[in-house]
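>>> this is the structure alone, sequence omitted:
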């Protein structure tokens, strides 16, 4: 079990610096620092008499690591690779990529590379555990809305550090710096305790869904005709689907959400939503509310909506499309625009499921008065309010910010039309597309399913065309998604299915109610143990 050692606390008061390494509460004429341990809950609260600027806040705990233990540390956002490691595992950042390429493609913006150290120690965010067979030593933050919590394993020193992402934040009055649950037990016990402590009830009122999304067959090359053809394909099934979701490509530019590409969709998007509803399916649509691309009207005409800093004119979100930028969600005009867009799409066009993507853009740059965690928490609450009763499928989001606020959430990267992308792409950032990484994230974030939201493991692909996955790889992807996810989507046109594909589809639909017993990854062999109707099964996959 973890044993509290000390708290490192550094702040600036005007021109003076204050630093303390302490294992107990303290106070001076500028602030009060309160450290409490109550059962499984460890907390650090600060009360600033006048404004102080936090430079560092990090709690260290002693832990005796042992060979054979597995460490899981949750990745920064939906797409970040998140798997169990051996105690001497490594995580690779992006410093090995030539700086010119890093800057050209803005790789640092997708993850935590601008505010995390990558070296000998592993790190993660919000929650993690150390597993010895079936015993879990669990660490979970209960205060990510005040700032993200980084978990760092210093195996060689026998320490685990819990570091608040708060450098440069100005605080006045009371502030919850750290609030953690530190507990031991079985997998079910520790995760149930975590979400109970968070005050998030099991998501029993949300239903698992089966359906279609257009992205992994057509990408942006969609139109009224392709959508109609794929809608007819899903209607040809003897199995009842729930959702038909239109992905990227319907708009004239990312950010210009009310400007529909009239060449692709001459009748507009309401007509397509009506067509989907008439087929008995929930209409879904993709958008990325917190960003705009360089070729958009927003970028050309509303640059005051963008986040800017002293170091650069505008804050890039990444290199997708024509390059894209983060909108300032603290700008009232931006909020008014996003609210109007979502209300139009839901209430006038008739889309009842919103896939909201690239959400991390809301918190790329912290403010003097708000940490990344605060910005992300506020952004997610705002989106929930805007969506009303519409279903939200969140994507590209720091997961803890979505806990209890969205109906469905992506818990891995995009799948690829091959197994693990091209060799040179494997050298890129941790958020890159990869079917292999997607499957592993589905396995090792499985405990969130039904607790935080319903997990979206991304699509399965069984079609015999337009992908280079082997039959074994397709089977692995489909079965893992069905066993451990609650969003079972594909981009296949079901007219392409033969007898073998129909048989496999029937099989995965029947295993969706499985109860997972355990999952282990050793020497690239994934072993899953699960039960269906009290009958136990073991499946092994080459990864």
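Received it, and whenever you're ready, just let me know what you need. Predicted model, so just to flag it, every value in this text is computed and none were measured. Residues are numbered from 1 along each chain as shown.
>>> how about the helices in the chain?
Ranges of helices in the chain, per DSSP state H, are 99-105, 187-198, 215-218, 224-235, 269-278, 297-301, 332-343, 372-387, 435-444, 471-484, 499-510.
>>> pull the residues that contact the shortest one.
To tie it back to what came earlier, the one meant is helix 215-218. With contact meaning CB atoms under 8 Å, 6 or more residues apart in numbering, helix 215-218 is reached by 226, 230, 247-249, 286, 415, 417, 459, 461, 463, 466, 490-493. For the C-beta atoms, the positions are set from N, CA and C on the backbone; glycine is no exception.
>>> next one: the residue nearest to residue 116 when sequence neighbours are not counted from residue 113, what distance?
With sequence-adjacent residues excluded and distances taken as CB to CB, 6 or more residues apart in numbering, residue 116 is closest to residue 123, at 6.2 Å. Using CB to CB, to the nearest Å, residue 123 is found at 12 Å from residue 113.
>>> how about residues contacting stretch 529-536?
Against stretch 529-536 from outside (CB under 8 Å, 6+ apart): 483, 511, 513, 514, 515, 516, 517, 518, 519, 537, 538, 539.
>>> and if we set it to 6 Å?
For stretch 529-536, the external contacting residues (CB atoms under 6 Å, 6 or more residues apart in numbering) are 514, 515, 516, 517, 518, 537, 538.
>>> now render those as a markdown table, adding distance to residue 292.
Shown next, in a markdown table, are these (distance: CB to CB, whole Å):
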| residue | distance to residue 292 |
| --- | --- |
| 514 | 42 |
| 515 | 44 |
| 516 | 40 |
| 517 | 46 |
| 518 | 44 |
| 537 | 48 |
| 538 | 49 |
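>>> which of these fall within strands?
515, 516, 517, 518, 537, 538 (DSSP state E).
>>> so what's the second one up against?
Meaning residue 516. residue 530.
>>> nearest to residue 451 among the contacts of helix 215-218?
residue 459 (22.8 Å; CB to CB).
>>> what angle separates the lengthiest strand in the chain from helix 187-198?
Of all the segments of type strand in the chain, defined by DSSP E, the longest one is strand 41-62. Taking axes from the mean of the first three to the mean of the last three CA atoms, to 10 degrees, one finds strand 41-62 and helix 187-198 inclined to each other by 130 degrees.
>>> residues of strand 41-62 that come out buried?
For strand 41-62, a neighbour-count test (16 or more other CB atoms under 10 Å) marks 42-46, 48, 52-55, 57-61 as buried.
>>> any idea which of those residues is closest to residue 479?
Proximity to residue 479 was ranked across the buried residues of strand 41-62 by CB to CB; first place goes to residue 61, at 38.2 Å.
>>> count the neighbours of the closest residue to that closest one other than its chain neighbours for me.
In this structure, residue 61 finds its nearest non-sequential neighbour in residue 2, 4.0 Å apart by CB to CB, 6+ apart. Residues near residue 2, counting by other CB atoms under 10 Å, number 22.
>>> need the phi and psi values for residue 2.
Dihedral angles of residue 2 (phi, psi; degrees, to the nearest 10) stand at phi -80, psi 140.
>>> was I right to think it contacts residue 62?
No - Residue 2 lies out of contact with residue 62 (CB atoms under 6 Å); the separation is 7.1 Å.
>>> circling back: buried subset of the contacts of helix 215-218 as a PyMOL selection?
Burial among the contacts of helix 215-218 is assessed by 16+ other CB under 10 Å; the matching PyMOL selection reads:
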select buried, resi 226+230+247+248+249+286+415+417+459+461+463+490+491+492+493
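>>> now, among the contacts of helix 215-218, which is nearest to residue 317?
For the contacts of helix 215-218, the nearest to residue 317 is residue 248 (14.5 Å; CB to CB).
>>> and that closest one, its phi and psi?
Dihedral angles phi and psi of residue 248 (degrees, to the nearest 10) take the values phi -50, psi 140.
>>> which residues touch it?
220, 286.
>>> quick check: beta-bridge partners of residue 86?
Taking DSSP bridges, one finds residue 70 as the beta-bridge partners of residue 86.
>>> confidence score at the residue nearest to residue 221 when sequence neighbours are not counted?
Nearest residue to residue 221, sequence neighbours excluded (CB to CB, 6+ apart): residue 249, at 6.6 Å. On pLDDT, residue 249 comes in at 98.
>>> my guess is residue 249 meets residue 224, correct?
No - taking contacts as CB under 6 Å, residue 249 lies outside contact range of residue 224: 11.8 Å.
>>> hang on, the earlier thing: would you mind giving me the ChimeraX syntax to select the buried ones in the contacts of stretch 529-536?
To isolate the buried members of those in ChimeraX, using 16+ other CB under 10 Å:
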select :514,516
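>>> and the ones in strands among the contacts of stretch 529-536, which is closest to residue 154?
Taking CB to CB as the measure, residue 154 lies nearest residue 518 of these, at 27.8 Å.
>>> report pLDDT for that closest one.
95.
>>> residue contacts, it?
residue 529.
>>> what sits against the residue most central in space within the chain?
Centroid-nearest residue in the chain, with CA atoms, centre = their mean: residue 78, separated by 2.1 Å. Going by CB under 6 Å, 6+ apart, residue 78 touches 395, 396, 397, 410.
>>> looking at it now. What's its pLDDT?
Looking at residue 78, the pLDDT reads 98.
>>> repeat for residue 312
65.
>>> who are the contact partners of the spatially closest residue to residue 303 that is not a sequence neighbour?
Nearest residue to residue 303, sequence neighbours excluded (CB to CB, 6+ apart): residue 314, at 7.2 Å. Applying CB under 6 Å, 6+ apart, we find residue 314 in contact with 306, 308, 325.
>>> switch to 7 Å and redo it
When contacts are counted by CB atoms under 7 Å, 6 or more residues apart in numbering, residue 314 touches 306, 307, 308, 325.
>>> which residue sits closest to the first one, ignoring its sequence neighbours?
Spelled out, it's residue 306. residue 314 (4.5 Å).
>>> so, low pLDDT: which residues of this structure?
311-312 (pLDDT under 70).
>>> hmm, residue 128 is touching residue 82, no?
No - counting by CB atoms under 7 Å, residue 82 is not a contact partner of residue 128; they are 9.3 Å apart.
>>> the two: who's more crowded?
Using other CB under 10 Å, the more surrounded residue of residue 128 and residue 82 is residue 82, with 27 against 23.
>>> hmm, residue 74 and that one touching each other?
Yes - contact criterion CB under 7 Å: residue 82 and residue 74 qualify, at 5.5 Å.
>>> returning to that earlier point: which residues touch the residue nearest to residue 61?
Counting by CB under 7 Å, 6+ apart, residue 2 has contacts 61, 63, 137, 160, 182.
>>> which ones are touching the spatially closest residue to residue 520 that is not a sequence neighbour?
Nearest in space to residue 520, with sequence neighbours left out and distances taken as CB to CB, 6+ apart, is residue 527 at 4.8 Å. Shown in contact with residue 527 (CB under 7 Å, 6+ apart): 520, 538, 540.
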